[in-house]
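Novice: Have a look; sequence and predicted model below, questions after that.
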Amino acid sequence: MFEKQKLIYGIIILVAALAVLEFLSPAVMNIDTSTLPGWEAQTVVVIQHFFAVTPVALLAGFGWSIFGFLRYKFGDQTVQYEVTKLYETWTWFEGILVIIAAGLPLPLSIAVSGVIMAVKSVLNTLRAPPASPGPPKLAT
């Protein structure tokens, strides 16, 4: 039961964040930067990039978190979903997407970020210590 509560908590956070972004996004995206001085226009462009990529980063972070949880859950029934892993994955993905989206079109930045996350996942798997087979069985 405890595990389901954490998963539901993660889903509620995801839905609430997406709803807030969806509500605020039109106002932010409709700001005309041509009338603003240089540094203010650049700041608004960065904020607009944030609003453009954050929903993708949230969904990707949540998907990656669920995938990681399920990968370990099938091997070990005692594994529990960790909402903190969702936060870590989302912030990592958000950082990559915001930086890459500033220099590339959004579809290309999503693809590049996905490749980076896949490489990161493979490297994390290679660095992970091998699973313990459990306590040794005594011969009788």
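Specialist: Thanks, I have the structure now. Numbers count the residues shown, from 1 in each chain.
Novice: Could you tell me how far the helix or strand of the chain with the lowest mean pLDDT lies from the centre of the chain?
Specialist: Each helix and strand of the chain was given a mean pLDDT (mean pLDDT, DSSP states H and E); the minimum falls on helix 83-103 at a mean of 73. From the chain centre to the centre of helix 83-103 is a distance of 5 Å (C-alpha atoms, centre = their mean, to the nearest Å).
Novice: likewise stretch 38-46?
Specialist: The answer for stretch 38-46 is 25 Å, by C-alpha atoms, centre = their mean.
Novice: when you give positions from now on, start the count at 578
Specialist: Okay, residue one is now 578; in that scheme the one you just asked about reads as stretch 615-623.
Novice: List the buried residues for that stretch?
Specialist: For stretch 615-623, the neighbour count (16 or more other C-beta atoms under 10 Å) marks residue 621 as buried. Backbone N, C-alpha and C define where each C-beta goes, glycine included.
Novice: Grab the CA positions of it and hand them over as PDB.
Specialist: Below are the C-alpha coordinates for stretch 615-623, written out as PDB (Å, rounded to 0.1, in the frame of the first residue of the first chain):
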ATOM      1  CA  GLY A 615      18.500  43.700 -24.800                       C
ATOM      2  CA  TRP A 616      18.900  42.000 -21.400                       C
ATOM      3  CA  GLU A 617      15.100  41.900 -20.700                       C
ATOM      4  CA  ALA A 618      14.400  40.400 -24.100                       C
ATOM      5  CA  GLN A 619      17.100  37.700 -23.500                       C
ATOM      6  CA  THR A 620      15.600  37.000 -20.100                       C
ATOM      7  CA  VAL A 621      12.100  36.600 -21.500                       C
ATOM      8  CA  VAL A 622      13.500  34.300 -24.300                       C
ATOM      9  CA  VAL A 623      15.100  32.000 -21.600                       C
END
